[in-house]
Every structure is written in C-alpha cells, then in structure tokens.
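A.B. asks: predicted model, plus sequence, below.
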Amino acid sequence: MKKITLTVNGKKISVQVHPFARLLDVIREGLELTGTKEGCGEGECGACSVLLDGELVNSCLVPVLQANGKAILTVEGLSKKSLCPLQKSFMKCGGAQCGICTPGMLIASQALKKKKKRLSPKDIREGLAGNLCRCTGYSQIIESIQKSGGRT
Amino acid sequence: MRGYLPDYTFESANSLKEALSFCEAGAKPFAGGTDLMVLFEAGLLAPGKYLDISRLKELKGIKNSKTQVTLGALTTYSQIRNHLILTKQFPILGLASREVGALAIQNRGTIGGNIANASPAADFPPGLLVYDAKIQLISTKGIRTLDYNRFHLGYKKTELRQDELVLSVSLKPEFQKYHHFWRKVGNRRAQAISKTMMAGIAKTTKKTIQDIRIAFGSVGPTAARCYHVESFLKGKAINTQNIQEAKQLLSKDIHPIDDIRSTGKYRLRVSQNVLEEFLCGIG
Amino acid sequence: MSWVGKSALRKEGEKKLRGIAKYIDDISFEGMIYGTTVRSSTPRGILKKIEFLPGVNWDEFIKVTAQDIPGHNYVALIEKDQPFLAQEKINHPEEPVLLLAHANKHLLEKARKLVKLHVEPLPPVFNIEDSLSQKALVWGKNNIFKSYSIDRGDVETAFKKAFVIVEGTYETGAQEQLYIEPNGVLAIANPQEGVTVWGSMQCPYYVHKALLPLFDLPPDKVRVVQAETGGGFGGKEEYPSVICGHAALLAWKSGRPVKIIYDRMEDMVATTKRHPSKTKIKIGFDKSNKLIAMDIDFSIDGGAYATLSSVVLSRGTLHASGPYFCPNIKIRSRAVATNCPPHGAFRGFGAPQSIFALEKHLDLCAKKLNLDPAILRKSNLIKTGETLGCGQVIKEKVRISEVVERALQLSSYHKKRKLFLKHNSKGPLKKGIGLSVFMHGAGFTGSGETFLASIAAIRANEAGKLEVLTSNTEIGQGTNTIFSQMTADALKLDLKDIEVVQPDTSKVPNSGPTVASRTCMVVGKLVEQAAQDLKQKLISAQLLKEKYTRSEFLVACKRYRKEIGELKGISQYKAPPHVVWDEQKYQGDAYGAYAWAAYVAETTTDLRTFETVVDNFWAVQEVGKVINPTLARGQIIGGVAQGIGYALYEDVVWHEGKMVNNKMSNYIMPTTLDTPDIDVLFLELPYAYGGGGSKGIGELPLDGPAPAILNAMDFALDLELTQIPTTPERLMEKIERKTP
C-alpha cells in the first residue's frame, strides 16, 4: 500500500492504495465518485475517460501510482450548482440516452473544446473516436458539442 | 478486472540510475501502460515486480538538430503527432501516431513501449525501419546503439536485455526528397488493430526508382523490410509490368497468417494492393 | 399546450449528465460480498466432478451448486429446459456450474481459475444444418424448439404459372447486443424475508417470475428493482433472470448481500446474442412483374436452450413476406438447438433476419427482371384492403408508397444510380446506393398482449406529484420522458408535476416487459387511460370540474387523499376491437399496428482493401405519431448504427460453440468515424390505440440497414451478396470467386 495524493475536481485528496490499482477503481471505490464507468476493461470504449493533468486518458489503463501528485477531472467536476454549457447542450440535443457512455463523452468533449475553439463535425468525430456509444449512433452527441457554444 | 493485485509490486524510481539498478534486479519497466494494463485486466500479466519509468526525464523529449532527431523512449504518440518539425521530416511517424487507437491511447502510449512490447502489429516499427532508425538501449553497464532493423529478433523477442531500458530512438532527417507513404488497414477507422500496415519511402527521378524502402507490419512475427521487393525495384522504371512483378515478389517478404481477426489470404492480397497503391503514387 | 409532439427534455437526463445516476455497480450495501460464476469449457457432456485445486483457502468461500437450490432448478420463461446451474448435463460452453462468493473480488477471480470441472464430452452440434440433420440429438426429440407454417393460396400452381422464378439463400450471423454497461445484480436473500434483487434489466417481472420457483416462494416474498440501466437492446430482456438467480442463491447461502458484475469478456462469451439465420426464398412473378408466389424457408439457431426462440421465430416468420401483396405464400420456419450459449432477444427479434433475406432477394429479382429495384418494390406494395402474408387484412390507410417516394427523393436514389455507374467505370473506389422497404409490427404478436393483460397506474403522492406506475423500464429509449409527456397532457399538468417511479415489483403493477416496441404504443396508452381514470375519480368525488386549472387539480388531489384516501387511477389492457388472431391456425391480425419504412444506404467500397464505408443514410418511416422528436430521432439513428454494425462489422467468431473474439478490441462496433450522418424523416398517421397516437419504433431501425447496405454494395460491385456480416475478407472471397 502506498499513500497517493490526487487533486480531484479541484480538491486535494490522499488515499492509501495498492500502487498498481487502476485509477478507475480508486476513483470509483476509494473516492466513491461513481460517475466514471467501466465498459470494457481494455481501453476500447472510453466510458472510463478522465482528464489527467488536462489530458484525456482511459482511467482503466492508468495505475494510480502514475497519477500521484496529478490533477484529475471527472464528470462530477464539470458542473457545480447548474450544469455546464456542454451538459446543457447534451440535454437539449439528446446527446445522452442510456447515459452510461455519457460521462466519458463529456470528458472527451471537454478535452476537445479546450484544444480548439471552433470544432467541425470532422474534428468532433475524430476527437470522440475512442468513445463508444451503442444507443445514439453518435449524431446527436456531435450536435450537442457543436451547439454547446465557445465556453467550456 | 481479472488481475490479482497482491501478485504485483509497482514502484517509481527517483532517478534513471535507480531505475537501471531496479531493472538489473529483475523489475520490469512500465511506461504508458496501454499494453501492459490490458494484459493485467485480462488476468494475463506475469506477476512480479514492475517499475514505473514514466517520470524519468532522461527518457523524455524530442531533440532536433540539423543532422539528427532523437526521440526519448517516453515520447507519446500525441507528442509525435503534434510535433510540426518531426512530422514534416518523418511523415510516416506522424501518420502512424494519428491512427493508433484513439486520442486517449495516444496521450499515454509511448514509442519505447510500442517497440519494447514488440507486438507484430505495433504501429511504429515499419516507419522506423524505412527511415533507418537507430535505437539506444541503456543499462547500468552503459548505452549501446543498434540499427533498429536488428532490434526485433522474432515473435515478441528483441535485443532488449532483461536489465536494459529503451533510452531513445534516433533518426537522420535526410528524406526531404523522398515520397513518403503510410497505410494501415484495420477493421474500422479508429480503435483498430491492424490487419496489415505499410510504410514506404522512395526517391525517384523521371519515373525511375533511385532508392526505395518498404516495410510491413502485422504480416509476420515482426515488422520487416521487404528486401526482395526493394532489390527488384531499385533502378527500375515505374510501369505496370514492374509493379505487378513487385506485387508477386511480396509473398517472399511477408508471411501473413490466419488469426482471430483476419485471414492470411486477405492480408497478402491487401498488402499487395497497398504496395501497388504506393508505387502508382510515386509514378 | 400539448407536450406530446414536443422535444421535452429527458426526465432523468440531468442525473445522467452529472454522473450521479446510479447504475448497479455504483450501488453497494453494508457487508456486501462479491459473486462469480464457474463455467464449463466443454460444449456438451456429462459433468463428472468439480475439483477445487489448491491455491486459496476454500473454507473462506461460499460455494453454490445445483444441489443448493431451495426450489426448482429451471429458469421460468417459456419452457422449463434451462437450468440455473448445470447439474449433470452440460449443453453449451460457458454453461454455469458453480457459484462462488467472497468479500475480496480479486481473490474471488483467483479462486475461479482454480476450479476444475471434469466433463465427459458428448458429441455436439454447432450449426443449423448439423442440428437439422441430427448429427447429434441435443434437444428434445428432434433438436427443434418450435416450427411454424403459413399457407396462403396455392404456391405450387402459382409457380407453374409464373413468368419468372428466382431463388436464393441468405445467411445472417449472430450479433452481440454490446450495451456499454455489462450485466450486473445485487441480491439480498434469506428464508425469513425472501429475495430482493436490484439489477440492470429491461423486465423486472420476468425476473420476478423466474425467482419464484427457484426459491419456492410466493410472489410477495420476491422483490425485483430495476437500477439505472446502461443499454439493453434485448440483451437484458431474459438474461437478467439468470444472473439475478445466481446472486440470490449466493445471498441465500451466505446470509450476506451479494453483487455480481460481469466484466466485458464474460458478458460477451456467456450471455445471449441475436439468432443466426438461414433463409431460402423462391419467388415467382407474373408478366407484369407482380409477385404471384413466395416460398420461404426460414431457420434460426437458438443455441442450447429454448429461452425465447419460439417467439423470435414467430416474429421472423410473420415479417418474412414483407410489406408486399402476394396472393400465394408458403412459409416454413423452425428454431433449432445447437450447443452454444442460448441465443436471445436483440432489437428486431427475428425480423431483421427474415427481412434481410427478402429485401436482399428482391434486388436479385429486380436484376433478373431487368427492373429498377425501387420500381419492382413500388408496384408490389400492399394497399388498404389487401392481405399480408400472415393473413392480416390491412384495413387502415397505408402511407408506405409515400414513404418510399420520400426516401428515394431525399437520397436522389435514381440520379445517383446513374452517376455511380459512370463513376465506377474506373478507379478502385466503387460507389453504390441501395434500398430496403419494410414494416415492423409493434406490441406482442397476436393474442400476446391480451395474454399479458398489462396494468398501468397513476397515483397522487404525498408530495403533490402524480406518479406513473408501470414495470416498463427506462433503458435509454426515453420511457420516463414520454410517459411524463402523455400523463401531463392527459391531466393538463406541467411535466414537473409528473414523476415516473423506478420499476420495483413491490411498487408498480405488471405492465408487461420493455420489449417488442410496445412501451410507448401499448403501455403509453394504458398510462393515458390510467390518468383519465384518476381524473374521473376526482370528478366523481365532486372535487374537480370537467374544466379545471392546474392548481385546482393539484388541490383536488390533496383533498381526495385527505378526505377519502389513496388516489390511484388504473387501466388494464384490452385488445383493440380490430385485432383478431387465430393462434391455432397461426393467422389473422398479427399486430395492432405496423410502422412502415424505406431506408436508403450510400456506400463506397475500396477494392484495394475490400473495406466498405457507409457514406450516407436516409431513414424514412411512418410511425403513427412522434411523441418526442429528439428522442424518436435518437432511436432511429442509434438503431441504424447497430444495423450498420450488423451488416459490415459485427462478426462473432465461433470456435466449437464458443465466441472467441469476446473483447471489444476484437468484436467491432462502429465508432464515430465509421458512421455517417443519418438523415431521419418521420411521416405521421396517428394510431388510435397507441399512446399519443404512436406506433412502436424501437426495433424498426434494425430491419432496414443491412439489406439496404448490401444492395448498395451489389450495385457498386455487380455482385449478389447473400451473407452478413459482409466483412472485407468475405467480400474479397466473393469478388475473387466471381472473377477467376
């Protein structure tokens, strides 16, 4: 066991965990932030997406030791009292159906928006290629991001 | 998640020197984790001591000079893909990086990890082979430099010794006058394990091939240069007859098999077509 | 102000977007332990011994075998052939034999690998041909779960008179539902209090029904609660009964709450898939290219146990002759047993299989007749007053011709056919455009809905909200939202006044399963009627006038509750008068209503790599009434994407009855880069017996894409494709066989 310190959604937290534990499990079980999901256990579906020091990663593939001292953004960190513009747009445009891929989609979308102000549908499709959705067929997710405005 | 945590130890080294002595003592290096964690989660990662090398600054960075480009082993696909100079001098590396998995994988996967893991379907080896890269390996005993084309010995077997780490990969930026070609054929447009992949560069003068290097991945136990095809094409004119003969010769250089994803027959046929696409493009 | 027809925001959307919606793996109970399943690796045989190898302290583990079952060891559904745990006979790879539980889920996995099952093998069968030829007898008297016959007119005579006869054989492969949330359950069970399970599921009352005989308990001692469910698509219709039974058995034995969550590999290898199929079609045309005879032979592979195969077969059979008029039809169909994990429900439920065959065959017919495929179809579409293959006289107005016209127009089908022929004359990229025309019956077949006798209720609660009480689950399709819209309209209230209660068998009546595209149409109607019933109660109690304001209504509810008691409106299903079905003769009005559709796919095939990409797609359908445009459009696009996977990407690789590519890196569903923009158009023609005038649409979009895509490829490549998925490898073989 090792003491790992993470800044999660702006809050500094320390946990005692096995250093090889998946960051996903530490987030879900250690920190009880269950918004980040497990869909495939091999980095294919993106349901476990988080931002690690601002970069999009699959948290099921990150051993927590490598996240030590770093900042993590999970879906819970996107909204405060009200939903963020991206979430509001997802609501309006039907970007979420069953919702299981949604946290990962939001995080991946957030990472995209931070990189580039004006996103074309092609940019969005490429940026979200690592996030699988079985419900929507993607169109309304792409529209949600396009219509979410410039702010993140 | 089928990995049993108590079977593993995982430590960070505070310095390269410390890391190398851990390696000497039998610890296995762990970089971005995009290969090893998949094994771990499937319950297939060999138990033991693992060493986190992700913070070693000596393994990071892309250094450019007029005569050499050096990529630290921890350079990620994203860093390569976004590096304007590198992708201009070595377009294949940029294209290969863009087609690995998807963004989240590209942010974590490293060139050192890709090479050392030595999957037959690894994305960097074909490009490194055609660019005549050199690889630097480091241990407590020092640094040794090898021609990259001597690094892969067989299926999942490399020159990398138990106590060594990949330090860097170096390339000479001398391919400005070449055509550069990259084609990865997978089972979908993203998050695809390749069925065949080709890196090709060629220098031509008036539709005659002065120099040509071709390497394929996913169609043999390791990525490999196609020396039969290359030696046939050197000095030849780019015409239909020569292209067809080059396609036929390809079966001497690549040995695709049937597996869970595809068939040997498909891989061979498509590899031949991809080779033809390259040759038509430089003609 | 009417809510029906508007894109009301998803009722539970905010929870999902904030990441606070609770799916089953997000829930934990004090003292909870984890469960896992030890499965057979042999496809068929006799279980001789269970051996526990050294490596863990076995005393720490809860173990459950068939011997520990308090009641009866069968999964109640239709037949009683499927055991929860194999006792002596093994009938498929991954058949559950032993359950283990432990507090440490990582140690549990280690232990699972240390159990050795000794199975004496018996000869298995793995495909439809071997099953039918009885290479080995693996189920019942003849390996056949069920068969159906349909006869209209006299096909033999009609074929003799036919001007042109075209024959073809078509095959479809298994397809994995691939919901992004794997199966999972949490159970608490003991003889004193009974059994409670929480889980990812579509049909709480199916699970309820299955747990009763397993534990030999009365209905009020079993409680099933649906957790937020991350996708179902049929994969969580009947399968949850098995995983819930398993968790409950471990809970019963251990006295602790038990959670079982499948990882992706286990979910893919062990749970149900779409039935593979093989169809032989023979069609005869008269001189004016009219259908005069159809002979269809349709087989589906049901896997090792009967489960829902008879119903899948039924739907496939009833949709096999399509939205066309043909006076002479013969259909013979059967569901057969093989030694692979039982196949089960997957959106479309037999119709995508039989419709693929017919729509593929019609393009072949058009080719032989030298006719444009669209023209051939248009001249044979069913009209009001004519009879469908199943014997249903179409009494209502049918807009199918319009639907086809709009699809052709939107896609510029005819123009593109000319353009692409030119384009394809040179270069390795071949473009194609293809059409499929089809219908999908919503609700349970024939007398199924009458048999279900669904009940819905609306209740005024303590907090002043109107609760919708049904057992129909939200699984992403929008149940909560559309029920709220319909109830708000029925009672003239705001959406915020309506609450949809999470399906919990201790709280909601049995309104039937969330399947068969019935939730909006059939149950929605019940919800509306229950709302009317509640309103009537207030009016009869003289607490409300016929014309009222929202606040008057809410005040009336409060008064009723205070002065009289519980305020609940109830409605039970009654078949619409026009639906008459003869179960014995297997003919009549198979479905209360059909949605009618025409889909067009535009593709590009690269002859260098044999890869095909769908560049554009148009989905036009008449669906009664669109209750919520955003949700409805989302359903169609999502379904089309699954259809694209079915046609091109999703190949289950079998080895001796076991799926060997059971990882998301090897079983390929489309990513954002593999799906085009999908153009959706709805036509309306309100159905009086559907909630809000709607017809079911959930499954419709799975029927059209595969044949449309393959028809496009055939056009582009001058081929006659007959099998899906058409992977690049298969396409290469097809092309090479054609040009030696």
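C.D. replies: Cool, the structure landed.

A.B. asks: which parts of the stretch 551-700 of chain C are strands?
C.D. replies: Assigned by DSSP state E, counting those that start in this stretch, the strands in the stretch 551-700 of chain C fall at C:568-572, C:581-582, C:587-588, C:593-606, C:611-622, C:654-655, C:658-659, C:678-683.

A.B. asks: ok, which of those comes nearest C:Gly255?
C.D. replies: The closest of the strands of the stretch 551-700 of chain C to C:Gly255 is strand C:658-659. By CB to CB, the value is 34.9 Å. C-beta coordinates here come from the backbone N, C-alpha and C atoms, glycine included.

A.B. asks: summarise which helices and strands the closest one is packed against.
C.D. replies: On a contact count with 3 or more CB pairs under 8 Å, 6 or more residues apart in numbering or on different chains; DSSP states H and E, strand C:658-659 meets helix C:264-270.

A.B. asks: near chain A at all, the helix it packs on?
C.D. replies: Yes. For helix C:264-270, a contact with chain A is found by CB under 8 Å from any CB of the partner chain, at C:Arg264, C:Met265.

A.B. asks: wait, B:Leu249 touches B:Phe232, no?
C.D. replies: Yes. Using CB atoms under 8 Å, B:Leu249 is in contact with B:Phe232, at 5.5 Å.

A.B. asks: what about the residue in the stretch 101-250 of chain B that chain A sits nearest to, distance to A:Arg28?
C.D. replies: Closest to chain A within the stretch 101-250 of chain B is B:Ala102: 2.6 Å, counting by CB to the nearest CB. Going from B:Ala102 to A:Arg28 by CB to CB, to the nearest Å gives 22 Å.

A.B. asks: longest helix of chain A?
C.D. replies: In terms of residue count, the longest helix belonging to chain A (DSSP state H) is helix A:102-115.

A.B. asks: any idea which helix or strand comes after it?
C.D. replies: Proceeding N to C from helix A:102-115, the next assigned helix or strand is helix A:121-127, under DSSP states H and E.

A.B. asks: what's the first helix or strand after that next one?
C.D. replies: Per DSSP H and E, helix A:121-127 leads on to helix A:139-146 as the next helix or strand towards the C-terminus.

A.B. asks: using CSV, list the CA coordinates for that following helix.
C.D. replies: Presented in CSV, the C-alpha positions along helix A:139-146 are these (Å, rounded to 0.1, in the frame of the first residue of the first chain):
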residue,chain,number,x,y,z
SER,A,139,-25.2,12.2,-34.4
GLN,A,140,-26.9,13.8,-31.5
ILE,A,141,-23.7,13.8,-29.5
ILE,A,142,-21.9,15.6,-32.2
GLU,A,143,-24.7,18.1,-32.5
SER,A,144,-24.6,18.6,-28.7
ILE,A,145,-21.0,19.5,-28.9
GLN,A,146,-21.4,21.7,-32.0
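
A.B. asks: wait, does stretch C:215-233 contact chain A?
C.D. replies: Yes. Residues of stretch C:215-233 contacting chain A under CB under 8 Å from any CB: C:Glu228, C:Thr229, C:Gly230, C:Gly231, C:Gly232, C:Phe233.

A.B. asks: chain B contacts on chain A?
C.D. replies: Counting by CB under 8 Å from any CB, the positions of chain A adjacent to chain B are A:18-22, A:25, A:38, A:41-44, A:46, A:49, A:55-58, A:60-63, A:65-66, A:68, A:108, A:111, A:126-127, A:129-132.

A.B. asks: centroid residue for chain A?
C.D. replies: A centroid search over chain A (CA atoms, centre = their mean) returns A:Ile107, at 3.1 Å, as the residue closest to the centre.

A.B. asks: for chain C, see how far away it is.
C.D. replies: From A:Ile107 across to chain C, the span is 10 Å (CB to the nearest CB, to the nearest Å).

A.B. asks: what do you get for A:Pro121?
C.D. replies: 8 Å.
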